[in-house]
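**Q** mind looking at a prediction? Sequence and model below.
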Amino acid sequence: MQVPFIDLKAQLPEIRKNIESRFSEIITNTAFISGRNVAEFEKRFARMHNCRYTVALASGTAGNHLAAQCCGIGSGDEVIMPVNTFIATAEGISYTDAKPVFVDVDEKTCNIDAGLIEDAITPATRAINVVHLYGQPAAMQKIDEIASKHRLLVLEDAAQAHLASYRDTKVGNFSKAAAWSFYPGKNLGTWGEGGAITTNDEAIYNDAKKYRDHGSGQKYYHDMIGYNYRMSEFQAAVLNVKLDFIERWTEQRRNNARLYTELLKDVDEVITPYEADECYHVYHLYVVRAPERNRLQSYLKDKGIASGIHYPLPLHLTGAYKHLGYEKGSFPVAEKLAEEIVSLPMYPELTKEKIEMVCEAIRSFYR
Ligand SMILES: Cc1ncc(COP(=O)(O)O)c(C=O)c1O
């Protein structure tokens, strides 16, 4: 038996017919851009997250960019963000000519360490861009208090956190604008590329709609220099079909996480994910900490079990952000985690047998 890291084929039987039928309608109508599917998706995605507005985009990275841009962040501004995240969080800030300022992460949650944020604030700080990494919301109460005290904006990167909530409030509602990704492997994924921002602010909504379409509200009338960040109808069609399943799939992810944690509890070497009481964690990734991580990964691979590392290099050690002048040792927690973390296979259809096989393999490795 092989255990893939993620198995998109396992979803096909439930969704394929409906997606094919929507695709067929798009082809018949030759309405490929900004049509019915995008409008339907925006409405339903916003409702599902109790947000007023969604603007569907070409990618999550476009979402990171427009969230910052529509909040007026730009040259001379600093934006505080966690050093352990996918690079797109930082890229979105860099595209506006603002400067990302990294902060170390909390050892238990792997999210930004709220206790370190104030040390990173300077007169140039405009915003804190939180990331709900792996599907677990960041410590929003503390972060909100800091933001209010220092009059900072909050932005969210919710790319890994569809339907996650903090104290019963869905993510996407803790900021001026939140960015989402619908990359195929995300909890809610397209069959290509896709992203969005959500917001409760009408001005940001209107700006984002213009920016995604060359700065225009009316075709060929351009109020500002924008981008081509539109989502295709085909991708919105996939998302509309998947929206019918996302709540159940999220519960399945949570059940899988529970089973992993139960089966690994007697493997002393392994630290299973910490789930904060106030969080509804949606387990985009199930990330454990394991000594001799690289050897463990090859051992699992030999047994047909795939795994991943999210992420092997904290952003300050990447070539892309070398110019910020951080060095090895600047963020000791993130650097330590990068050596120990391993993401185990996680997707809704993952079977009990496969989870048992993964846990048994881990147990036998340490034995
Ligand atoms: C935390 C985070 N932010 C942003 C992105 C960017 O999304 P996309 O790949 O859709 O551009 C991703 C996706 O990989 C992500 O995981």
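**A** Everything's here; your move.
**Q** alpha carbons only for contacts and neighbour counts from here, please
**A** OK.
**Q** sheet partners, orientation included, of the helix or strand bottoming out on mean pLDDT in the chain?
**A** Every helix and strand of the chain was ranked by mean pLDDT, DSSP states H and E. The lowest is strand 216-218, at a mean of 94. The strands beside strand 216-218 in its sheet (DSSP bridges) come out as strand 221-222 (antiparallel).
**Q** ok, and what's touching the partner strand?
**A** When contacts are defined by Cα atoms under 8 Å, 6 or more residues apart in numbering, strand 221-222 is touched by residues H214, G215, S216.
**Q** pull out the buried residues from these.
**A** Buried by 16 or more other Cα atoms under 10 Å: H214, G215, S216, out of the contacts of strand 221-222.
**Q** of those, which is the nearest to the ligand?
**A** The ligand lies nearest to H214 out of the buried ones among the contacts of strand 221-222, by Cα to the nearest ligand atom, at 18.7 Å.
**Q** I'd say the closest one and I225 touch.
**A** Yes - counting by Cα atoms under 8 Å, H214 does reach I225; the two are 6.1 Å apart.
**Q** show me where the stretch 151-300 of the chain has its helices.
**A** Secondary structure of the stretch 151-300 of the chain (DSSP state H, counting those that start in this stretch): helices located at 202-211, 233-243, 246-264, 293-302.
**Q** want to throw those into CSV with mean neighbour count, distance to D104 and mean pLDDT?
**A** Shown next, in CSV, are these (neighbours: other Cα atoms under 10 Å; distance: least, Cα to Cα, whole Å; pLDDT from 0 to 100):
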stretch, mean neighbour count, distance to D104, mean pLDDT
helix 202-211, 20, 29, 98
helix 233-243, 23, 34, 98
helix 246-264, 18, 25, 98
helix 293-302, 16, 21, 98
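**Q** can you say which of these is nearest to L163?
**A** helix 246-264 (7.7 Å; Cα to Cα).
**Q** distance check, E275 against K108.
**A** 9 Å (Cα to Cα, to the nearest Å).
**Q** might you calculate how far the longest strand along the chain sits from the centre of the chain?
**A** The longest strand of the chain (DSSP state E) is strand 125-131. What separates the centre of strand 125-131 from the centre of its chain is 15 Å, taken as Cα atoms, centre = their mean, to the nearest Å.
**Q** so what are the sheet partners of that strand and their directions?
**A** In the sheet, strand 125-131 lines up with strand 78-82 (parallel), strand 153-157 (parallel) (DSSP bridges).
**Q** need the contact partners of it.
**A** 73, 77-82, 85, 89, 111-112, 137-138, 147, 152-158.
**Q** for the stretch 51-200 of the chain, what lies in contact range of the ligand?
**A** Proximity of the stretch 51-200 of the chain to the ligand, by Cα under 6 Å from any ligand atom, involves residues 59-61, 85-86, 88-89, 157, 159-160, 181-183, 194-195.
**Q** now for those: which two are most distant?
**A** T85 and G194 (18.7 Å).
**Q** more neighbours, the two?
**A** G194 (28 against 25; other Cα atoms under 10 Å).
**Q** what is the neighbour count of the spatially closest residue to that one that is not a sequence neighbour?
**A** Among residues not flanking G194 along the chain, S59 sits closest, at 4.1 Å (Cα to Cα, 6 or more residues apart in numbering). Neighbour count for S59, taken as other Cα under 10 Å: 25.
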